[in-house]
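Engineer: Attaching a predicted model along with its sequence, questions to come.
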Amino acid sequence: MLPFALPVDVALARPVATFPSGEGVSLEPKWDGWRALLRTGPDSRVFSRHGTDLTRAMADVARTAASLPEAVLDGELLAITDDGQVSFALLQSRAGKGPRPGAGFSVVFVAFDLLATGREGADLRARTYLERRDRMLILLEGAPAAISPTPATGDNDGALAWVGSLGGAIEGVVAKPVDRPYLPRYSAGWTKWRRRHTTDAVITGITAAANPSQQAAVLAQPDGGGRLRPVGVSLPLAAALRRELAPLLRPVGDRLAELPGTVGGLPGSPPITYQPVVPEVVVELLTDQERPEFGRYRHRPRIARRRADLTPDLLSPGGS
């Protein structure tokens with residue numbers, strides 16, 4: 001019997017700008033998937049990091065987990081196409097639906113922590129990372145390929161070599177102190193680093209916000225035919241950047257427009273309301289994807305600066 005009920009608060013990794021090297025840490029891939037808790041054993045269940053029960057949507061993962069000893073694993077759900085590519089967008093298509101024959105992809109669970117075992121009724125969260133990982137590797141020895149442990153290393157170069165591999169599925173590196181217990185939210189001391197890419201985009205609108213500090217830019221890039229298509233919504237604009245852009249952005253009309261919440265990287269969110277502007281100001285973005293996937297960026301980009309040397313007609317598809 002498990003020593004606690006699910007869901008529980010998960011440990012979170014704090015973003016850092018520099019690669020998290022150093023002694024006493026274990027380096028793991030930062031996967032581009034859905035964070036999840038997996039209860040293995042006869043009463044197998046799948047929960048999101050926010051506590052949503054995903055068992056129906058991930059029924060194939062739950063069926064596989066039922067063949068393992070009773071335990072609680074922390075990890076990442078990944079959608080893998082039949083030709084071996086990893087796609088976050090396809091993973092989103094599972095939400096609320098479940099496996100479909102002929103979908104062209106399957107979902108796997110990559111485990112990176114063991115929180116409890118049912119055989120002894122042991123809560124392992126107070127144990128060190130090293131002990132938890134050793135016990136997780138024993139638990140998953142000989143497990144089906146659809147549930148596997150994430151790699152880990154103490155070698156900086158080896159960890160950097162992961163980044164960008166598997167079709168971009170590994171978007172960075174997570175560092176975990178080897179002598180720390182598993183604690184909720186940021187208390188565990190985990191950090192995450194993502195490799196950043198630079199690209200260019202055109203501002204086509206400014207989001208409606210009562211507080212100016214929350215205003216963001218609606219971003220577009222040309223498609224293969226040269227037409228501007230929305231690819232995302234930036235992070236809130238810094239005060240200095242707002243002051244620089246304000247006299248350059250010319251409103252189009254006096255009515256607000258809307259875009260689906262997914263354009264802002266927020267699946268299931270309400271539409272994004274914004275003031276359209278003349279698409280003539282080009283900005284440089286910092287993103288964690290080289291190119292948008294399925295027409296948008298996975299995470300909201302940060303605007304690094306205005307590109308006064310560029311006009312929209314000089315951009316190539318994808319902003320490169």
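Structural biologist: That came through fine. Small disclaimer: the values here were computed from a predicted structure and weren't measured.
Engineer: alpha carbons only for contacts and neighbour counts from here, please
Structural biologist: Fine.
Engineer: tell me the strands in the stretch 51-200 of the chain, going along the chain?
Structural biologist: Secondary structure of the stretch 51-200 of the chain by DSSP state E, counting those that start in this stretch: the strands cover 71-81, 105-117, 122-123, 147-149, 170-177, 191-194, 197-207.
Engineer: Which among those strands is found nearest to Leu27?
Structural biologist: Leu27 lies closest, by CA to CA, to one member of these: strand 170-177, at 4.7 Å.
Engineer: what helices or strands is that closest one leaning on?
Structural biologist: On a contact count with 3 or more CA pairs under 8 Å, 6 or more residues apart in numbering; DSSP states H and E, strand 170-177 meets strand 25-31, helix 156-162, strand 191-194.
Engineer: contact partners of it?
Structural biologist: Contacts with strand 170-177, where a contact means CA atoms under 8 Å, 6 or more residues apart in numbering, come from 13, 19-21, 24-32, 129, 159-160, 162-164, 188-195, 288-289.
Engineer: Kindly supply the ChimeraX command isolating those of the residues you listed that are buried.
Structural biologist: Here is the ChimeraX command that selects the buried residues among those (16 or more other CA atoms under 10 Å):
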select :13,19,20,21,25,26,27,28,29,30,31,32,129,159,160,162,163,164,188,189,190,191,192,193,194,195,288,289
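Engineer: Can you tell me who Ile203 pairs with across the strands?
Structural biologist: On the basis of DSSP bridges, Ile203 is bridged to Leu219, Val281.
Engineer: cool, and the one 4 residues further on?
Structural biologist: In this structure, Thr207 has the following beta-bridge partners (DSSP bridges): Tyr274.
Engineer: what about it, neighbour count?
Structural biologist: By the measure other CA atoms under 10 Å, the count of residues near Thr207 is 22.
Engineer: so how far is Thr81 from it?
Structural biologist: 35 Å (CA to CA, to the nearest Å).
Engineer: need the contact list for Gly33.
Structural biologist: Contact analysis of Gly33 by CA under 8 Å, 6+ apart lists 76-79, 88, 91, 169.
Engineer: what's the burial count for Arg296?
Structural biologist: Counted by other CA under 10 Å, the residues lying close to Arg296 total 24.
Engineer: Could you check how far it is from Glu284?
Structural biologist: Arg296 is 16 Å from Glu284, where distance means CA to CA.
Engineer: ditto for Leu249
Structural biologist: From Leu249 over to Glu284 the distance is 16 Å, taken as CA to CA.
Engineer: how many other residues sit next to the closest residue to Asp60 other than its chain neighbours?
Structural biologist: Closest residue to Asp60 apart from its sequence neighbours, by CA to CA, 6 or more residues apart in numbering: Pro99 at 6.8 Å. When neighbours are counted by other CA under 10 Å, Pro99 registers 19.
Engineer: Sounds good, over and out.
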